[in-house]
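Chemist: here is a sequence together with a model predicted from it:
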Amino acid sequence: MSEKGAEESAKASPSSGEKQLPRRKQELDYWKRNAARLRTRNLGTGLLIGAFVVGMFSYTILSVKQGRVLEELDDEARVHIMRGPRTGANS
């Protein structure tokens, strides 16, 4: 008789895996229902981050090029100042 009681109590209390099974099924159903919406959000987020990175890279490259152009102009101006004015007498 005690064996029957032990068997019934063992059957009555589900294991931890059996307890998690309904929860996992609910999660799977949730992901199946909302997969398209999540995919769209992820795509939008990826495009937004990509646009930010490309914009920041472009801005940085443009700034560096402008700096180089200004440095070249400064170098050319220094050369012309050192040479002095070009007139018919000293050319």
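Modeler: Arrived safely.

Chemist: quick check: mean pLDDT of stretch 25-39?
Modeler: The average pLDDT within stretch 25-39 is 90.

Chemist: also stretch 74-87?
Modeler: Average pLDDT, stretch 74-87: 73.

Chemist: any idea which helix or strand carries the spatially most central residue of the chain?
Modeler: The residue lying closest to the centre of the chain (CA atoms, centre = their mean) is residue 49, at 5.1 Å. Using DSSP states H and E, residue 49 sits in helix 16-83.

Chemist: per-residue confidence at the residue nearest to the centre of the chain?
Modeler: With respect to pLDDT, residue 49 has a value of 98.

Chemist: measure it to residue 60 for me?
Modeler: As judged by CB to CB, to the nearest Å, residue 49 and residue 60 stand 17 Å apart. In short, each C-beta sits where N, CA and C put it, glycine included.

Chemist: measure how buried the closest residue to residue 31 other than its chain neighbours is and give me the count.
Modeler: Residue nearest to residue 31 in three dimensions, not counting chain neighbours: residue 38, with 7.9 Å by CB to CB, 6 or more residues apart in numbering. Neighbours of residue 38 under the rule other CB atoms under 10 Å: 10.

Chemist: what about residue 38, distance to residue 23?
Modeler: Look at residue 38 and residue 23: by CB to CB, they are 19 Å apart.

Chemist: cool, residue 62 as well?
Modeler: Distance from residue 62 to residue 23, by CB to CB: 53 Å.
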